[in-house]
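Colleague: Build me a model:
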Amino acid sequence: MATYCEVTGRRPGFGKAVSHSHRRTSRRFDPNLQRKRFFLPAENRWIRLTVSVKGIKTIDAQGIEAVVARLRATDPDVRRRLGPGRSS
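Modeller: I've put the predicted structure just below:
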């Protein structure tokens with residue numbers, strides 16, 4: 001599974017875990033990613049996106065059509081996977 005949100009671009013953060021004795025070891029803060037299906041009514045099909053929970057809230061607020069249009073305009077990887085869309 002991809003380790004970044006396709007909507008917001010969130011990626012893992014890195015830092016240190018500090019033990020009781022104050023020894024530091026590297027750790028990774030992963031975003032809360034979900035693999036989710038969304039229905040595009042204009043194209044009458046389902047798409048699958050890897051999104052963070054904040055990305056799901058963004059889709060709820062702006063609408064899936066607007067978010068997919070922005071992704072197709074800016075992200076070549078998503079455009080290649082989702083296709084050019086319906087030109088109407």
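Colleague: Over stretch 74-86, what's the mean pLDDT, rounded is fine.
Modeller: For stretch 74-86, mean pLDDT rounds to 77.
Colleague: how many other residues sit next to residue 81?
Modeller: Residues near residue 81, counting by other C-beta atoms under 10 Å, number 13. Using the backbone N, CA and C atoms, a C-beta is placed for each residue, glycine as well.
Colleague: Sorry, wrong one. I was asking about residue 40.
Modeller: A count of neighbours around residue 40, defined by other C-beta under 10 Å, yields 15.
Colleague: now swap in residue 52 and tell me
Modeller: 21.
Colleague: And the residue lying closest to it once chain neighbours are set aside, how close does it get to residue 53?
Modeller: By the measure of C-beta to C-beta, 6 or more residues apart in numbering, the closest residue to residue 52 outside its immediate chain neighbours is residue 5, 3.9 Å from it. Using C-beta to C-beta, to the nearest Å, one gets 9 Å for the distance from residue 5 to residue 53.
Colleague: Can you report how many residues neighbour residue 10?
Modeller: Residue 10 is surrounded by 19 other residues when neighbours are defined as other C-beta under 10 Å.
Colleague: which intervals of the protein have sub-threshold pLDDT?
Modeller: Low-confidence segments of the chain, defined by pLDDT under 70: 1-2, 86-88.
Colleague: quick revisit: same drill for residue 5 and residue 53, tell me which one is more crowded.
Modeller: More crowded of residue 5 and residue 53, by other C-beta under 10 Å: residue 5, with 22 against 14.
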